[in-house]
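# structure for the following, please:
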Amino acid sequence: MIAASAPANLRELIEATLSLTCPDGEVPVIEQLCFAARWAVVELSDGRAGRAFTFNGQHAVYGALDFEHMRSMKCLLGMRADRAIAQLFREGASAAEAANNQGASAQASLARSVALAIANALSCELNAPTELEERGFNVSAPTDRSFLHPEDAVVLIGAGMILQESAATCASVDVVDMRPRATLQSLLLNAHGERYGPGQVRFHGVEDTTDLVARADVVGITGCALENDSLFDIARLPRKAREFVIFGPSAQVPMELLAALGATRIVTSRIVDAKNLIDGMLANFDAAGPRSATEGYVVTVHLTSDKQ
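The predicted structure is shown next:
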């Protein structure tokens, strides 16, 4: 593995990514930006591409995004990736200062999402399965859930990937999510009272995070938590968990950096056909693009006792 220390926040993570992916100082420029559904996609001049989650639609916890927010990114086209990242952090900081304005808060969030998408694009070749295996990682199929055991207490930060499998396999599942519960749960009203679904999953606000993480056997956290720095905070919480799983396409920076944060598994995917992905996103309503344009896998940082 490449030697890496734990980054303290998104900016440090991206600066470390630049050092690992552009060691000779040759930095590609931003060729294309595509925004669709809940994703920002960046294609670089050398063909590498990456994506990151945007907090939009039902996920718009920082305020709704519109095309004006996205058009403001047009100035990045033709800009070196490192300079684009620096500009995005400047703009994000300025918008964050006006965070009492919901539109400004959404703009700050989008700037950080695009900065992460650029870092993920830079990491695309470094995260090819053959490259990962040469550096000592184990790479398995995207459906691999061998890290989930029937007796496990699972805590997920973000209701996303691995939720269904955790609920079907494990003894208990608790989910922390910033969205209103009405966007995540179903509610039945009848003469007998009320019942919430799914019944096997308990939902919590962020105030319960510390206690839940401390008790869990498996902690899973969405890669989009990199964007608001909450992943870095949660990685520092006391825990006894056997597994610390980072999931989602936003988690595509060099795997050594995620391992340095304590990750034992990363469930993610990288873009292998940017044109096909972008064409699919443009052609379909609320689409993340065709799966054939991406390559999914599970990265194991170290083998747990049941796999040895």
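# contacts, neighbours, all on C-alpha from now
Noted.
# burial of Leu187, as a residue count?
If you count neighbours by other Cα atoms under 10 Å, Leu187 ends up with 10.
# for Cys224, give me its contacts.
52-53, 248, 250-251 (Cα atoms under 8 Å, 6 or more residues apart in numbering).
# check Gly262 too.
By Cα under 8 Å, 6+ apart, the residues touching Gly262 are 235, 244.
# where do the strands sit along the stretch 201-308 of the chain?
For the stretch 201-308 of the chain, the strands defined by DSSP state E, counting those that start in this stretch occupy 201-204, 218-222, 243-247, 265-271, 294-300.
# export those to TSV and tack on mean neighbour count?
Formatted as TSV, the strands of the stretch 201-308 of the chain follow (neighbours: other Cα atoms under 10 Å):
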stretch	mean neighbour count
strand 201-204	18
strand 218-222	26
strand 243-247	25
strand 265-271	26
strand 294-300	21
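# that's a strand at Ile2, yeah?
No. Ile2 is assigned coil when assessed by DSSP: H, G, I helix; E, B strand; the rest coil, not a strand.
# which residue is the nearest non-sequential neighbour of it?
Excluding the flanking residues, the one nearest Ile2 by Cα to Cα, 6 or more residues apart in numbering is Glu256, at 6.3 Å.
# and the contacts of stretch 234-252?
Defining contact as Cα under 8 Å, 6+ apart, one finds that stretch 234-252 is touched by 50-53, 116-117, 119-120, 123-124, 127, 147, 160-162, 210, 213-224, 226, 261-270.
# what is the mean pLDDT for that stretch?
Averaging pLDDT along stretch 234-252 yields 97.
# quick one: terminal-to-terminal distance for that stretch?
End-to-end distance of stretch 234-252 (Cα to Cα, to the nearest Å): 19 Å.
# re the thing from before, got JSON lines for the strands of the stretch 201-308 of the chain, with distance to Ser186 too?
Converted to JSON lines, the strands of the stretch 201-308 of the chain look like this (distance: least, Cα to Cα, whole Å):
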{"stretch": "strand 201-204", "distance to Ser186": "12"}
{"stretch": "strand 218-222", "distance to Ser186": "22"}
{"stretch": "strand 243-247", "distance to Ser186": "24"}
{"stretch": "strand 265-271", "distance to Ser186": "27"}
{"stretch": "strand 294-300", "distance to Ser186": "30"}
